[in-house]
Each structure stands twice: as C-alpha cells, then as structure tokens.
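Asker: Structure for this input, please:
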Amino acid sequence: MYENLTDVLVWFAIGGGAMWLFGIVEARLLENWTFWHTMKSWIKKLVPIAFAALVGFLAQALISVDIVQYIPESMSVVILAAINWYFSQHEYQAIKNTSYAEATRLAARN
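Answerer: Residues are numbered from 1 along each chain as shown. Alright, predicted model coming up:
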C-alpha cells in the first residue's frame, strides 16, 4: 500500500490518517474505559478533532524536517512492512467475517 515513510506521513498530515488513527485508539482503548462513556458529548466530539489536528501537525512537522533521511533504510522497511501487514490483516478479517469460503471452513472442521 505504501512505498515509503513519506507517503505514510503525508497520509497522516492531509489524507485522513490522523482520524483513522483516532478511530483505532477509540475502538481499542477508549471504549473500554468507563470515564470515556461518562464524558459530555461535546467533549467526545472535540477530542477526536484535537487528536487529529495534533497528529496532522506532527506529521507535517516531520515532513518539513525530512525526518525520513534520519531513519535507516532497514528500519524503514520494517516500519512499512508492519503498516502494510496491518492493513492487509484488516482487509483479511473483513473478508473472513463474511460468508466467503464458509463451505471450506466448515469442511475443515469436520
């Protein structure tokens, strides 16, 4: 999906990646905390906006200082592999949770 770390930073800065990241944080972390559910609705609307803005600004700052030049190529490969693996697993789980290949799974259980 991504060919280099600059593409990832651009996605976080202007491509919606910051809101996607907050969605992951909210779904996997905040939804499990009682205090999140007791907050006023305006706060729960403001937090994602502020989070996305901070992540976007941070990504833009990292692009501006060309942080990618300081990251070893081998580390870039590992980071990109992890990101691309995560996205592939997300798609895999979405497909797996449908009825796709259900007959094969049932046959394997027997």
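
Asker: What are the buried residues along stretch 3-12?
Answerer: Neighbour-count burial for stretch 3-12 flags 5-6, 8-12 (criterion: 16 or more other Cβ atoms under 10 Å). Glycine gets a C-beta too; all of them are placed from N, C-alpha and C.

Asker: To clarify, my last question referred to stretch 19-34.
Answerer: Neighbour counts over stretch 19-34 (16+ other Cβ under 10 Å) mark 21-22, 30 as buried.

Asker: helices and strands around the helix or strand containing L46, which ones?
Answerer: Element membership of L46, judged by DSSP states H and E, is helix 41-64. Using 3 or more Cβ pairs under 8 Å, 6 or more residues apart in numbering; DSSP states H and E as the contact test, the elements touching helix 41-64 are helix 5-14, helix 17-28.

Asker: Columns mean pLDDT and distance to L46 on top of those helices, output as JSON lines?
Answerer: As requested, those are exported to JSON lines (pLDDT from 0 to 100; distance: least, Cβ to Cβ, whole Å):
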{"stretch": "helix 5-14", "mean pLDDT": "89", "distance to L46": "20"}
{"stretch": "helix 17-28", "mean pLDDT": "86", "distance to L46": "12"}
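
Asker: chain center to the strand or helix carrying H37, what's the gap?
Answerer: Element membership for H37 (DSSP H and E) is helix 34-38. Centre-to-centre, helix 34-38 and its host chain are 23 Å apart (Cα atoms, centre = their mean, to the nearest Å).

Asker: Report the mean confidence score over that helix.
Answerer: For helix 34-38, mean pLDDT rounds to 89.

Asker: Just give me the closest of the buried residues of stretch 3-12 to T98.
Answerer: T98 has its nearest neighbour among these in W11, at 26.5 Å by Cβ to Cβ.

Asker: The closest one contacts L5, doesn't it?
Answerer: No. Using Cβ atoms under 8 Å, W11 makes no contact with L5, being 10.4 Å away.
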